[in-house]
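Student: sequence below, structure please.
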Amino acid sequence: MFEDTEAPGNVPLRLSEYIRVLKLTRKPTREEFSVIAKVAGAGILLIGFIGFIIYLLISVIPGWFK
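Tutor: I've put the predicted structure just below:
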């Protein structure tokens, strides 16, 4: 049905390929989910810390040199 249609930007929509990938997926175990959640949380904290450091460099530190 959707085999020959294309989305904007000439991206082919191949429904059968998506179905094939979905058939290979499985629900993660509790341990796998826990590890993924910890890694994602650590990444969020790291990005937040980097953003805070950039905020300090841009807004607070230039005031010291006046």
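
Student: can we go C-alpha only for contacts and neighbour counts from here?
Tutor: Will do.

Student: so where's this structure uncertain?
Tutor: Within the chain, the ranges that satisfy pLDDT under 70 run 1-13, 66.

Student: tell me which residue is most central in it.
Tutor: Residue closest to the mean C-alpha point of the chain, counted by Cα atoms, centre = their mean, is residue 40 at 8.9 Å.

Student: and that residue, how far is that from residue 47?
Tutor: Separation of residue 40 from residue 47 (Cα to Cα, to the nearest Å): 11 Å.

Student: residue 20 now?
Tutor: With Cα to Cα as the criterion, residue 20 and residue 47 are 35 Å apart.

Student: equivalent analysis for residue 23, please.
Tutor: The gap separating residue 23 from residue 47 is 34 Å, by Cα to Cα.

Student: okay, these two: which has more neighbours?
Tutor: Taking other Cα atoms under 10 Å, residue 23 and residue 47 do not tie; residue 47 has more neighbours (12 against 8).

Student: got the buried residues for the strand or helix carrying the more buried one?
Tutor: Applying DSSP states H and E as the criterion places residue 47 in helix 30-55. Buried residues in helix 30-55, defined by neighbour count with 16 or more other Cα atoms under 10 Å: none.

Student: how far off centre is that helix?
Tutor: Relative to its chain's centre, helix 30-55 lies at 11 Å (Cα atoms, centre = their mean, to the nearest Å).

Student: which strands and helices sit next to that helix?
Tutor: Of the remaining helices and strands, none touches helix 30-55 by 3 or more Cα pairs under 8 Å, 6 or more residues apart in numbering; DSSP states H and E.

Student: show me how far stretch 58-66 is from its chain's centre.
Tutor: Offset of stretch 58-66 from its chain centre (Cα atoms, centre = their mean): 33 Å.

Student: and for stretch 21-34?
Tutor: Chain-centre distance of stretch 21-34: 17 Å, with Cα atoms, centre = their mean.

Student: got the CA positions of that stretch in PDB?
Tutor: Extracted C-alpha coordinates of stretch 21-34, given in PDB (Å, rounded to 0.1, in the frame of the first residue of the first chain):
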ATOM      1  CA  VAL A  21      12.700  -4.100  12.500                       C
ATOM      2  CA  LEU A  22       9.800  -4.000  14.900                       C
ATOM      3  CA  LYS A  23       9.600  -7.800  14.800                       C
ATOM      4  CA  LEU A  24      13.200  -8.000  16.000                       C
ATOM      5  CA  THR A  25      12.700  -5.800  19.000                       C
ATOM      6  CA  ARG A  26      12.000  -7.100  22.500                       C
ATOM      7  CA  LYS A  27      11.200  -5.700  25.900                       C
ATOM      8  CA  PRO A  28      14.300  -5.000  27.900                       C
ATOM      9  CA  THR A  29      14.900  -6.800  31.200                       C
ATOM     10  CA  ARG A  30      14.800  -4.800  34.400                       C
ATOM     11  CA  GLU A  31      18.600  -4.800  34.600                       C
ATOM     12  CA  GLU A  32      19.000  -3.500  31.100                       C
ATOM     13  CA  PHE A  33      16.400  -0.800  31.700                       C
ATOM     14  CA  SER A  34      18.200   0.200  34.900                       C
END
